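Asks: could you look at this predicted model? Sequence included:
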Amino acid sequence: QIARKINSGHWSGHDRVHVVAALMAIGRELSELRDEVRKQGERDDS
């Protein structure tokens, strides 16, 4: 559905806010996951 909207060019301000908020949340989660993986690697190395 998102790809269809992107390709159609029909984005409301509300749509943009939701997409940006979702992308920011995904970015935060990935950052937290990356940090946890690094910590786990440090523990395994010692």
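Replies: It's in. All values reported here derive from a predicted model rather than from experimental measurement. Numbers count the residues shown, from 1 in each chain.
Asks: roughly how far does residue 11 sit from residue 5?
Replies: 6 Å (Cβ to Cβ, to the nearest Å). Heads up, the C-betas are built off the backbone N, CA and C, glycines and all.
Asks: also residue 38?
Replies: 36 Å.
Asks: repeat that for residue 42.
Replies: Distance from residue 42 to residue 5, by Cβ to Cβ: 42 Å.
Asks: these two: which has the busier surroundings?
Replies: It is residue 5, of residue 42 and residue 5, that has more neighbours when counted by other Cβ atoms under 10 Å, with 13 against 9.
Asks: right, and the more buried one touches residue 15 too?
Replies: Yes. At 6.7 Å, residue 5 counts as touching residue 15 under the criterion of Cβ atoms under 8 Å.
Asks: so for residue 26, what pLDDT did the model give?
Replies: If you check residue 26, the pLDDT there is 94.
Asks: what's the burial count for it?
Replies: 10.
Asks: give me the distance from the helix-or-strand element of the chain with minimal mean pLDDT to the chain's centre.
Replies: Here the helix or strand of the chain ranked lowest by mean pLDDT, DSSP states H and E is helix 2-8, holding a mean of 72. Here helix 2-8 shows a centroid-to-chain-centroid distance of 18 Å under the convention Cα atoms, centre = their mean, to the nearest Å.
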